[in-house]
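A.B. asks: Structure, please.
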Amino acid sequence: MEKRSRTEIRSAIEGLSEMVKAKPVDEIKVEVHGDHKHDVAFIPIKPFLSVCNSVLQVLDKIGPTMAVLRQDVHQNIQRLETLHESDPSVFSNLVEMVKKETTEGTARKAASCSKSIVWLTRSLDLTAALLQKLARDPEQSIEQAVEESYNITLKPWHRWITSAAYRVALKLVPDNETLISLLMAKDEEYDTLKEDMQTLALLLVPFLEEIHSILRFYGLDKIKAI
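C.D. replies: Numbers count the residues shown, from 1 in each chain. I've put the predicted structure just below:
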């Protein structure tokens, strides 16, 4: 079987697949009593950051439009990497990071890892929405697809200044043909890219629902930008 070329989207698919494999078998057996399941929830940090880094590379392809979001994603990834590297045995689980900061009362502070997780999750929400739109309607303009995806994911949590910056940046998005050629591997057919986009979106949605559930449990789901 011929090996498929590696693309940013395929890398993200691999990262999510790793995350499923990394989940402890015991978690599947946990009985759910109200919200207590989140005390034992396990979301491995390294595959999570791998997916975020793949998304970062996709944002690079979209170009200057995503510069504000790209910088935010990059800073949040670095913050989580720093905490993970400080004690990999303790901070291998994203949920443990949130639990620790919630217990210490620092989860809502500007430079907290919990807030980084919130914003990275919302950035992945945007990615999932955009992939679904591009796969469903390849004729829709990239500008419209990005704007609609932004409106239903990140915009509700942004102040008007940030939203205004995004509206200006939307004018700089590449056209459909340019972006698709950037996302595809060399000599790849569009149908293959479309299949990969659909696969990534299908993997992302339930994964993101799980993280949102954890953020709600710890009271972090309503955080807005400063």
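
A.B. asks: Have a look at the chain and report the helix or strand with the lowest mean pLDDT.
C.D. replies: helix 25-29 (a mean of 43; mean pLDDT, DSSP states H and E).

A.B. asks: residue contacts, the residue positioned nearest the centre of the chain?
C.D. replies: In the chain, the residue lying closest to the centroid (Cα atoms, centre = their mean) is residue 124, at 2.4 Å. By Cβ atoms under 8 Å, 6 or more residues apart in numbering, residue 124 lies in contact with 51-52, 55, 204, 208. Placement of C-beta: from N, CA and C, glycine included.

A.B. asks: Which one of these is nearest to residue 169?
C.D. replies: Ranked by distance to residue 169 (Cβ to Cβ), those are led by residue 55 at 17.0 Å.

A.B. asks: Hmm, the closest one is touching residue 73, no?
C.D. replies: Yes. Contact criterion Cβ atoms under 8 Å: residue 55 and residue 73 qualify, at 6.8 Å.

A.B. asks: Neighbour count: these two, which is higher?
C.D. replies: Shown here are residue 55 and residue 73; by other Cβ atoms under 10 Å, residue 55 has more neighbours (28 against 22).

A.B. asks: pLDDT weak spots in this structure?
C.D. replies: 1-5, 21-40, 63-67, 226 (pLDDT under 70).

A.B. asks: can you tell me which helix or strand the residue nearest to the centre of the chain belongs to?
C.D. replies: Following DSSP states H and E, one finds residue 124 within helix 113-136.

A.B. asks: mind checking how far the next helix-or-strand element following that helix is from the chain centre?
C.D. replies: Using DSSP H and E, the helix or strand that follows helix 113-136 towards the C-terminus is helix 142-153. Centre-to-centre, helix 142-153 and its host chain are 15 Å apart (Cα atoms, centre = their mean, to the nearest Å).

A.B. asks: Many thanks, have a good one.
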